[in-house]
Each structure stands twice: as C-alpha cells, then as structure tokens.
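> only geometry, no sequence info:
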C-alpha cells in the first residue's frame with residue numbers, strides 16, 4: 001500500500017532535527033523500530049547543550065547501570081529484548097523519553113531508508129544541510145575532546161565532573177564561536193509530504 005508521509009525539517013544549528021509522522025505507526029510493528037537497533041552515544045556537543053538546558057539529565061545518564069563512559073563521551077547501551085534489543089529511553093507508549101533537541105545526533109537526524117527522503121529533488125537542500133551538519137558535529141566534538149584531553153579532564157573521573165562540564169562549556173564557546181555558512185542556507189522549519197509504498201514487519205528496511 002502507498003501512504004503519504006509527513007516530514008518536518010528543523011534548522012536549530014547543532015540541535016537540528018527531523019520529525020516524521022510515520023514513526024508513530026512504525027511499519028516494523030515490533031513496538032521499537034529503529035530504537036531496537038541502536039545505543040545512543042552522547043558527545044561533547046550534546047553534553048554542553050544538556051549542561052546549559054537540562055543538567056539533571058546528565059546526572060541520570062551518568063547514573064545508569066548499563067553505560068560505557070569514556071573520556072569525553074557516554075554510550076547508553078541497549079538492552080536485550082526478545083530476539084533484538086531496545087533503547088533505554090524508548091517506551092512502547094509514547095516513544096522516546098527525550099525531547100528531540102535533547103537526543104544525540106543519530107537520533108535527531110535518522111530517517112529509515114524506506115522513506116528515502118534524500119532522493120526527492122525538492123529536498124536536496126536539506127540533504128546537503130544534514131550531510132554538512134554531520135561532518136561539522138564530528139569536527140566540533142573532536143576539537144572539544146582534544147581541548148579536554150590537554151586539560152587532563154575526563155568523564156571517567158567522577159570527582160572531577162563539575163570542573164569537566166564547566167571547562168567543556170568554555171571549550172564549546174571557543175570552537176563553535178563562528179557557525180559555518182551552510183547553517184543559513186535552509187529555513188528554520190520546512191514541512192514536506194512524500195508518498196511511499198509501505199511494507200510491514202521485517203520487510204520494512206531500517
């Protein structure tokens with residue numbers, strides 16, 4: 001069957017994201033969809049945003065049992081669930097517990113390949129935007145991580161985390177002071193509707 005899929009693209013700089021209405025009726029029909037295949041990884045840019053906007057969430061993330069804490073990033077490891085997994089933040093009713101702008105980059109940008117919005121000529125400007133944004137985020141995160149390494153500050157040191165996050169925010173201001181031009185090439189928000197053939201169960205690609 002064919003279905004109209006509504007997407008909303010949001011340009012929020014480093015916190016940009018894509019909304020897709022099909023997620024609420026995921027064709028996988030397994031109550032977890034893509035959230036059953038991925039462990040979210042929070043990087044320096046994510047932690048700076050959370051530190052400034054929702055610091056209590058950082059404490060919750062670092063206090064979880066099944067996390068991998070590295071010098072400047074944290075992975076919230078997925079949990080075994082039947083024949084696959086589920087993300088710690090996913091709930092059957094309501095989906096992700098985190099708001100869109102609180103999520104890490106993959107969870108903000110990912111749209112399942114069955115939708116294939118990137119092939120739409122009318123949306124090529126958003127394809128360019130998100131490709132460049134992905135590269136820019138890597139650059140920002142690597143630069144901040146190197147600054148923190150030079151300062152000998154690490155997330156692994158629980159006693160030094162207050163200083164870590166204070167210095168992290170300062171490092172972010174330094175490396176992200178001049179946003180690249182591509183961020184101005186798309187509007188703050190844009191809606192689109194595309195029609196796709198929908199298959200159900202494991203036939204729907206992730």
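Thanks, I have it. Nothing here was measured: the structure is a model prediction, and the numbers come from that model.
> Based on its surroundings, how many neighbours for residue 28?
Per other C-beta atoms under 10 Å, the neighbour tally for residue 28 reads 22. All C-beta spots, glycine's among them, are computed from the backbone N, C-alpha and C.
> sec struct for it, please.
At residue 28, secondary structure determined by DSSP: H, G, I helix; E, B strand; the rest coil is coil.
> biggest helix in the protein by residues?
As assigned by DSSP state H, the longest helix anywhere in the chain is helix 124-150.
> which parts of it are buried?
126, 129-130, 133, 136-137, 140-141, 143-145, 147-148 (16 or more other C-beta atoms under 10 Å).
> May I see these organised as JSON lines, with distance to residue 51 added?
Output for the buried residues of helix 124-150, formatted as JSON lines (distance: C-beta to C-beta, whole Å):
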{"residue": "126", "distance to residue 51": "29"}
{"residue": "129", "distance to residue 51": "26"}
{"residue": "130", "distance to residue 51": "24"}
{"residue": "133", "distance to residue 51": "21"}
{"residue": "136", "distance to residue 51": "20"}
{"residue": "137", "distance to residue 51": "17"}
{"residue": "140", "distance to residue 51": "15"}
{"residue": "141", "distance to residue 51": "14"}
{"residue": "143", "distance to residue 51": "17"}
{"residue": "144", "distance to residue 51": "12"}
{"residue": "145", "distance to residue 51": "15"}
{"residue": "147", "distance to residue 51": "15"}
{"residue": "148", "distance to residue 51": "13"}
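> that older thread, quick one: name whatever helix or strand follows the longest helix of the chain.
helix 161-175 (DSSP states H and E).
> can you give me the angle that following helix makes with helix 124-150?
For helix 161-175 against helix 124-150, the angle by axes from the mean of the first three to the mean of the last three C-alpha atoms, to 10 degrees is 130 degrees.
> Packing partners of helix 161-175?
Contact here means 3 or more C-beta pairs under 8 Å, 6 or more residues apart in numbering; DSSP states H and E; on that basis helix 161-175 packs against helix 44-53, helix 55-62, helix 124-150.
> average pLDDT for the last one?
Translated: helix 124-150. Taken as a whole, helix 124-150 has a mean pLDDT of 97.
> and the angle for that helix with helix 44-53?
Between helix 124-150 and helix 44-53, the angle comes out at 80 degrees (the same axes, to 10 degrees).
> sorry, back to before: can you put the helices and strands packed on helix 161-175 in a markdown table and add distance to residue 25?
Formatted as a markdown table, the helices and strands packed on helix 161-175 follow (distance: least, C-beta to C-beta, whole Å):
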| stretch | distance to residue 25 |
| --- | --- |
| helix 44-53 | 28 |
| helix 55-62 | 28 |
| helix 124-150 | 23 |
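> nearest to residue 103, of these?
Evaluated over the helices and strands packed on helix 161-175, closeness to residue 103 peaks at helix 44-53, with 8.1 Å, by C-beta to C-beta.
> That concludes my questions; thank you for your assistance.
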